[in-house]
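> Just need the structure, nothing else, for what follows:
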Amino acid sequence: MALSEIDRNLLERCLHRNPRAWEDFVDRFMGLVVHVVNHTARARSIRLSAADREDLCAEVFLATLKDDFAVLRNFRGKSSLATYLTVVARRVVVRELLSRMSAARLGESAPPHAGGEIPDSHPSVEQRLEDQEEVQRLLRRLQGTEALVVRMYHLEGKSYRQIGEAVGMPENSIGPILSRARNRMRRAGIDSAAN
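Numbers count the residues shown, from 1 in each chain. The predicted structure is shown next:
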């Protein structure tokens, strides 16, 4: 679907910083962003609190504003603006969820989301490097397809279908592989924390 005249006008108004343009943009696309946040969290079996949902929506809009609307300036109009923003929003949300999940998993020995919500955590650069090393260490305990599937899903943000195509397996076999791998990684993390 091509860029509609309404969206073209809204895009131009935002890029020229016309009065009320940003407010109109947020009004127009808030429902879409909320949908992407909910869908992305649900696809990863993450329950969000209202505060988590608001934070993730804010992150999407902040990413859109960043560097003088760089996201909007990079839009080439080869799809609808809604389609483009869906992709952008999904990437932002996946990145944020992975960051928060990694911090939660590696910061405590209890299983992630024991309370059902994502903790509000923004680790320092040093902590992120340590977390990344820990994730890599836990991934080394997995082998072959399991390690590849976990890496593609949790670190690269790929869908079950994309992973299935990449590893040559049916899409419906990816979930059970991830579940077994997560359990193995969780046990490995708890075992190493106990030592």
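> Only C-alpha atoms from now on, for both contacts and neighbour counts.
Noted.
> Would you enumerate the residues in contact with the residue positioned nearest the centre of the chain?
For the chain, V94 is the residue whose C-alpha lies nearest the centre (Cα atoms, centre = their mean; 0.5 Å). Going by Cα atoms under 8 Å, 6 or more residues apart in numbering, V94 touches T40, G157.
> per-residue pLDDT, it?
With respect to pLDDT, V94 has a value of 90.
> Outline the domain layout of the protein.
Structural domains annotated on the chain: 5-104, 123-194, as defined by automatic domain parsing.
> Could you identify which of the ones you listed has the lowest mean pLDDT?
domain 123-194 - the lowest mean pLDDT of the domains of the chain, at a mean of 71.
> Helices of this protein, start to end?
5-15, 21-43, 50-73, 81-107, 125-140, 144-150, 160-167, 174-194 (DSSP state H).
> Would you mind finding the most buried of those helices?
With neighbours defined as mean count of other Cα atoms under 10 Å, the helices of the chain peak in mean count at helix 81-107, which reaches a mean of 19.
> Now do that helix: distance to the chain's middle.
Distance of helix 81-107 from the chain centroid (Cα atoms, centre = their mean, to the nearest Å) equals 2 Å.
> Now for Y160: which residues touch it?
With Cα under 8 Å, 6+ apart, Y160 has these contacts: Y153, E171, N172, I174, G175.
> wait, what's in contact with the fourth one?
To tie it back to what came earlier, the one meant is I174. V149, Y160, I163, G164.
> and these as CSV, adding distance to P19?
Compiled in CSV, the contacts of I174 are given as follows (distance: Cα to Cα, whole Å):
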residue, distance to P19
V149, 47
Y160, 43
I163, 44
G164, 47
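> and of the residues you listed, the nearest to D24?
Checking the contacts of I174 against D24 by Cα to Cα gives Y160 as the nearest, at 35.0 Å.
> show me what contacts the nearest residue to S79 once chain neighbours are set aside?
Closest residue in space to S79, ignoring its immediate chain neighbours: A2 at 4.9 Å, by Cα to Cα, 6 or more residues apart in numbering. When contacts are counted by Cα under 8 Å, 6+ apart, A2 touches G77, K78, S79, S80.
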